[in-house]
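**Student:** how would this look folded up:
(one chain, ligands or ions: 1)
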Amino acid sequence: MQSRSGHVGIEERAFRHTQDPYINPPVPFTGRIVGGLQVGHMVTVTGRVLSTDENRFEVYFHTGMSDTNNIAFHFNPRFEGSGYVVCNTKQLGDWGPEERKMLMPFQRGSLFEICFQVDRSAFKVMVNASTFLFYVHRVPLYEVNAISIKGCVEVSHIDFQKYKSLPC
Ligand code: GAL
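**Tutor:** Below is the predicted model:
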C-alpha cells in the first residue's frame, strides 16, 4: 500500500495479511491456517466475552481440522475465583504440565483483542495491546495448521498477518 507521498509506509510494510480473515465465525469454531503457522505470523482474535453460565473460553492452535489430540498451544482463560489463564500443550492425547497466569485480563461482557505473535522461541500473547504472557514452543510449528475457539465468547474477526518486515 502506498501513502499519498508515494512511499511505502513502515506500518504497511511491517504488517501483511497472510490469508483472509474469518469474520463473525460461529463459536465453537475451527479454521484452517493456510500454509501452516510460521515464525513471524500474528493471529489476532477480536471479540467479546459473553455473560453465560460457561466460565471458560479457549483459543487453541492445533494439527488437523478435526484432531484435538495434538494441540501446540491451548490458551484458556477461566473465570473462576478472581480468574486466571491456563496454557498447555496436548501431544498424542496427553496434556503436558500447565502454565498458569494468575491474572484475568478479560471481563465478562467486554470487548477484547488477543494477538498471538509467533516468535522463534515462543508465542507472545498480547491482550488489548498489552503483553500478557509468553509460552515457549513445546512442539514444532510446522505441525500447526488450524485454530479453534470454544467457550463463552463471540468472535467478530480472526486476522492473519506477518508482523516482521518483509522485502517488498
Ligand atoms: C484440563 C481441562 C482441559 C484443558 C486442560 C489444560 O483440566 O479439562 O480443557 O484446559 O486442563 O491443562
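**Student:** With adjacent residues omitted, what lies nearest to Trp84?
**Tutor:** Residue 84: Tyr, not Trp. Distance criterion C-beta to C-beta, 6 or more residues apart in numbering; nearest residue to Tyr84, sequence neighbours excluded, is Met102 at 4.7 Å. C-beta coordinates here come from the backbone N, C-alpha and C atoms, glycine included.
**Student:** Read off the pLDDT value for that neighbour.
**Tutor:** Confidence at Met102, expressed as pLDDT, is 98.
**Student:** same check, this time on Tyr163
**Tutor:** We note a pLDDT of 78 for Tyr163 in this prediction.
**Student:** List the contacts of the residue nearest the centre of the chain.
**Tutor:** Centroid check for the chain by C-alpha atoms, centre = their mean gives Phe116 as the closest residue, at 4.3 Å. Phe116 makes contact with Met42, Val43, Thr44, Val45, Val59, Phe61, Phe73, Phe75, Phe123, Lys124, Val125, according to C-beta atoms under 8 Å, 6 or more residues apart in numbering.
**Student:** Touching, the fifth one and Phe75? I think so.
**Tutor:** This means Val59. Yes - proximity of Val59 to Phe75 meets the contact threshold set by C-beta atoms under 8 Å, at 4.8 Å.
**Student:** so what sits against both of those two?
**Tutor:** Applying C-beta under 8 Å, 6+ apart, one finds that Val59 and Phe75 are jointly contacted by Ile114, Phe116.
**Student:** about what we covered before: do I have it right that the residue nearest to Tyr84 meets Gly81?
**Tutor:** No - the criterion here is C-beta under 8 Å, and Met102 misses it with Gly81 at 9.0 Å.
**Student:** What are the boundaries of the strands in this structure?
**Tutor:** Taking DSSP state E, the strands of the chain run over residues 16-23, 29-32, 41-49, 57-62, 71-78, 84-91, 94-95, 99-101, 111-118, 122-127, 130-136, 146-151, 153-162.
**Student:** Show me what residue of the protein gets nearest to the ligand.
**Tutor:** Taking C-beta to the nearest ligand atom, the ligand has its nearest neighbour within the chain at Asn88, 3.8 Å off.
**Student:** now Leu141, nearest residue through space, not along the chain?
**Tutor:** Using C-beta to C-beta, 6+ apart and skipping residues adjacent in sequence, the residue nearest Leu141 is Leu37, 5.3 Å away.
**Student:** OK, contacts around that neighbour?
**Tutor:** Leu37 touches Val43, Phe61, Ala72, Val118, Leu141, Val144, Asn145, counting by C-beta under 8 Å, 6+ apart.
**Student:** Please tabulate those residues in CSV, including the columns neighbour count.
**Tutor:** Shown next, in CSV, are the contacts of Leu37 (neighbours: other C-beta atoms under 10 Å):
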residue, neighbour count
Val43, 21
Phe61, 24
Ala72, 23
Val118, 22
Leu141, 18
Val144, 24
Asn145, 19
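**Student:** Good, we can wrap up now.
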